[in-house]
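# predicted model, plus sequence, below.
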Amino acid sequence: MSTISVIIPAYNAEQTILETIKSVRQQTFSDFEIIVINDGSTDKTLELLENIEDNRLKFFSYENGGLSIARNRGITRANGEFVAFLDADDLWTPDKLELQLKALQQHSEAGVAYSWTYFMNEQGTSSLTGVSMFFNGDVQTDLLVNNFIACGSNPLIRRQAIESVGGFDPACAGCADWDYWLRLST
């Protein structure tokens, strides 16, 4: 059993999936499994996945169900004590998992660790500066006002926290992440 399960929903992700998986494989913390949910891709996503040689990588194909359903399918496949989601067009810094895991290990009462999000354009430069916000502890009141977590690829979540709130709500199109963070903050 891996310490962390990384769930990557992928729909027609041939342009980005290899770079996304590379950013996971380059983590300074390496006790993880990578679960790619191929969400009905019609491009070469599946073919690219089949050519990756890494025993930590597992991929499963389903008919297209959308992002929330793909994430939920990944949750059912995950074996890790902690779960991280990574969209197929996002990248992580090499120390993301190590630092977030360390934060959760140092704060056993916390269910979620999150960090900064940078929005990049295709040239690799920041396309949105964002606002620096520092929240910790019970953040529910702050989270009700603003989705400062900003991105589904940001947090690392304890399995117990996921089990306490269930999966992503497919009915919350466009705000499923925020809905999920709010339920976790409870």
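Received the coordinates, thanks. Remember, it's a predicted structure, so these values are computed and weren't measured experimentally. Residues are numbered from 1 along each chain as shown.
# what is the subsequent helix or strand relative to the helix or strand bottoming out on mean pLDDT in the chain?
In the chain, no helix or strand scores lower on mean pLDDT, DSSP states H and E than strand 126-128, which sits at a mean of 58. Per DSSP states H and E, the first helix or strand lying C-terminal to strand 126-128 is helix 140-145.
# how about the CA coordinates for that following helix, as PDB?
In PDB, the C-alpha atoms belonging to helix 140-145 read as follows (Å, rounded to 0.1, in the frame of the first residue of the first chain):
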ATOM      1  CA  GLN A 140     -14.500  27.300   7.000                       C
ATOM      2  CA  THR A 141     -15.600  31.000   7.500                       C
ATOM      3  CA  ASP A 142     -12.800  32.200   5.100                       C
ATOM      4  CA  LEU A 143     -13.600  29.500   2.600                       C
ATOM      5  CA  LEU A 144     -17.300  30.400   2.500                       C
ATOM      6  CA  VAL A 145     -16.300  33.900   1.300                       C
END
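# start the count at 24, not 1, going forward
Got it, first residue is 24 now, which makes that one helix 163-168.
# packing partners of it?
Contact here means 3 or more C-beta pairs under 8 Å, 6 or more residues apart in numbering; DSSP states H and E; on that basis helix 163-168 packs against helix 199-208. No exception for glycine: its C-beta is placed from N, CA and C like everyone else's.
# just how off-centre is the helix it packs on within its chain?
In terms of C-alpha atoms, centre = their mean, to the nearest Å, the centre of helix 199-208 is set 13 Å apart from its chain centre.
# cool, and stretch 196-209?
13 Å.
# now that stretch: buried residues?
Across stretch 196-209, burial judged by 16 or more other C-beta atoms under 10 Å covers 199-205, 207-208.
# got a list of contacts for that stretch?
89-91, 134-135, 161-163, 166-167, 170, 172, 174-175, 178, 180, 184, 188-189, 191-193, 195 (C-beta atoms under 8 Å, 6 or more residues apart in numbering).
# likewise stretch 110-125?
So stretch 110-125 is contacted by 26-27, 29, 31-34, 36, 38-40, 42-43, 46-47, 49-52, 55, 59, 68, 90, 105, 107, 109, 136-138, 143, 174-176, 178-179 (C-beta under 8 Å, 6+ apart).
# filter these down to the buried ones and hand me the ChimeraX line.
Selection of buried members from the contacts of stretch 110-125 for ChimeraX, criterion 16+ other C-beta under 10 Å:
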select :27,29,31,32,33,34,36,39,40,43,46,47,50,52,55,59,68,90,105,107,109,136,137,174,175,176,178,179
